[in-house]
Each structure stands twice: as C-alpha cells, then as structure tokens.
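1. Fold the following for me, if possible:
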Amino acid sequence: MNRDVIIACDFASREATLEFLDRFPAGRKPFVKIGMELFYAEGPSIVREIKSRGHKIFLDLKLHDIPNTVKKAMRVLSALDVDMVNVHAAGTIGMMKAALEGLTREDGSRPLLIAVTQLTSTSQEAMQNELLIGATINDTIVKYAQNAREAGLDGVVCSPLEAGMVKKACGEGFLTVTPGIRFADAGKDDQVRITTPARAREIGSDFIVVGRPITAAPDPVAAYEKCLKEFV
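-> Prediction:
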C-alpha cells in the first residue's frame, strides 16, 4: 500500500471544514480524518458530504465498549462508505473481532480497521502511574498490536517512534498509522511521542496523520505539499 498523508480536520463545524478544504486546488483531494469534535457537531452528514467531494476519509471515533455494542456501531459506520475506522485495542481481542464482524458488509467489502495502541499524548510515567500498566510503553504497544493482528485487523495507530517495532512484531504488511507528526522547527503542542514526516518514513509509518502543522499553517496547502514531499 502506498504511503499517504492524512489531514486531521479537527474543526468544530461544517462551515470551517469545507472552507479549509476549499483552499485546495480542484484536482487535489487529500485523505482527511474526521474525528470526534467534527462528527459529534455535524453527524454522519458531514462524512457523506466530504466523501461526495472525492476525499478518502479516516473516521476516527476510537470505539471502545462491550463487543456487541461495538459490533452494532460498526455496522452503522460501514454504511457511510469511509475508507478507514478505528477502535481502542484496550477493548480486547474479542471486542476487535466483533468490530470486524460488524464492519464487514454482506458482499465481504469493508473499510480498513485499525486499533489505537496508546495515545501519543500518553507518557511512560502516566501509563504506569495512572493506568497501572506495569509493562514498558513499547512492550505494551507491541502486545496491543499483536492482539489487533490476531483479531484480524489491518493495522494500528501508534506514534511514529513505535512504527518500526510494530512492523518487526507483526509483519511489513501490518499497517502503521501515526499521528504525532511535527515539522523540525515546530513545537510539540500536547503531543509527547513525536517526530518529523521524513523520520516517520524512515522508521516505517504507512500513513501519517497531521493536524495543526497543516490546518493552523499560514498556507495550509503549502504545508500539506511539504508533508507529502518529506513523507511520500
């Protein structure tokens, strides 16, 4: 699968999102992420509208509930014709298998399904002291990735720093979708485990998810093109 840059459209309204997307030339349809803020504000209609414009969509809702609830929710999401959806790997192998079952349509087709390992805002200290997970963050991420692979998922969300170890543990064909991307001269914001687009490519990321370095840039199109040049 070809590498790609996914723009995190973390906007609060339809108007702000479409205004942002309208800044791109007619022939340029970037892969976009719709997260909780926008989806909860606008509902499924914003997904359908952006899809109708020709964009690939990663619907980033991070489902995490009992298996039956996740299965039924995925059945609904599968009808939105998105390209990628996710769950929390912490929901267990059983929950991830249920998600895959619910997502798969009668004809066997489905979006890519990936699992969040640990959020890029989570540090080793917070994981151990607040979540009481005794293993190292790297060991936890690799184990969660192995669980996702066992459940039949296509890949995981992890920081770019862990992409290489996930590939080693789960195989080159197992996808790594990595937020926590910043240009070399930018600040971290609220991310902890971050790196640059170029370094993410070297480590083994298949997709990078980039938000504020593009959406808050004075020229978002130029920032997007810079990401593509460095990563793809």
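
2. make it CA atoms for all contacts and neighbour counts henceforth
-> Will do.

3. mind showing which ranges of this structure have poor pLDDT?
-> Across the chain, the ranges flagged by pLDDT under 70 are 1, 186-193.

4. Show the residue spans covered by the strands in it.
-> 4-8, 31-34, 57-63, 84-88, 112-116, 155-157, 175-178, 207-210 (DSSP state E).

5. what's in contact with the helix ranked longest in the chain?
-> For the chain, the helix reaching the highest residue count under DSSP state H is reported as helix 137-151. Residues outside helix 137-151 that contact it (Cα atoms under 8 Å, 6 or more residues apart in numbering): 89-90, 92-94, 96-97, 114-115, 117-118, 123-124, 127, 154-156, 158, 162, 165-166, 169-170, 174.

6. Go ahead and build a PyMOL selection from the buried members of those.
-> Restricted to buried positions by 16 or more other Cα atoms under 10 Å, the PyMOL selection for those reads:
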select buried, resi 89+90+92+93+96+97+114+115+117+118+127+154+155+156+158+162+165+166+170+174
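
7. Now intersect the contacts of helix 137-151 with the helices, please.
-> In this view, those that belong to helices under DSSP H are 93, 94, 96, 97, 124, 127, 165, 166, 169, 170.

8. Excluding covalently adjacent residues, which one is nearest to residue 217?
-> residue 223 (6.7 Å; Cα to Cα, 6 or more residues apart in numbering).

9. hang on, that neighbour packs against residue 213?
-> Yes: the criterion here is Cα atoms under 8 Å, and residue 223 meets it with residue 213 at 7.1 Å.

10. related to what we said a few turns ago, which one of the ones in helices among the contacts of helix 137-151 is nearest to residue 203?
-> residue 165 (8.8 Å; Cα to Cα).

11. and the ones in helices among the contacts of helix 137-151 as a markdown table, adding distance to residue 57?
-> Below are those laid out as a markdown table (distance: Cα to Cα, whole Å):
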| residue | distance to residue 57 |
| --- | --- |
| 93 | 25 |
| 94 | 26 |
| 96 | 20 |
| 97 | 22 |
| 124 | 31 |
| 127 | 30 |
| 165 | 26 |
| 166 | 24 |
| 169 | 27 |
| 170 | 25 |
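
12. from those, which single one is nearest residue 77?
-> Closest approach between the ones in helices among the contacts of helix 137-151 and residue 77, by Cα to Cα: residue 96, at 14.8 Å.

13. Contact partners for the closest one?
-> So residue 96 contacts 67, 87, 89, 148, 151, 153 (Cα under 8 Å, 6+ apart).

14. Tell me the one among these nearest to residue 23.
-> Using Cα to Cα, residue 87 comes nearest to residue 23 of those, at 31.0 Å.

15. count of neighbours near the closest one?
-> 26 (other Cα atoms under 10 Å).

16. give the contact list for it.
-> 61, 62, 63, 64, 96, 99, 113, 114, 115, 116.

17. Reformat the residues you listed as CSV; add distance to residue 35.
-> Putting those into CSV (distance: Cα to Cα, whole Å) gives the following:
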residue, distance to residue 35
61, 6
62, 9
63, 12
64, 15
96, 19
99, 18
113, 15
114, 14
115, 15
116, 13
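
18. ok, the residues you listed vs residue 10, which is closest?
-> Checking the contacts of residue 87 one by one against residue 10 (Cα to Cα), the nearest turns out to be residue 61, at 12.1 Å.

19. Isn't that closest one up against residue 85?
-> Yes: the pair residue 61 / residue 85 is scored as a contact, 7.3 Å apart, by Cα under 8 Å.

20. Please report how far residue 35 lies from residue 11.
-> 9 Å (Cα to Cα, to the nearest Å).

21. nope, residue 120 is what I meant
-> 20 Å.
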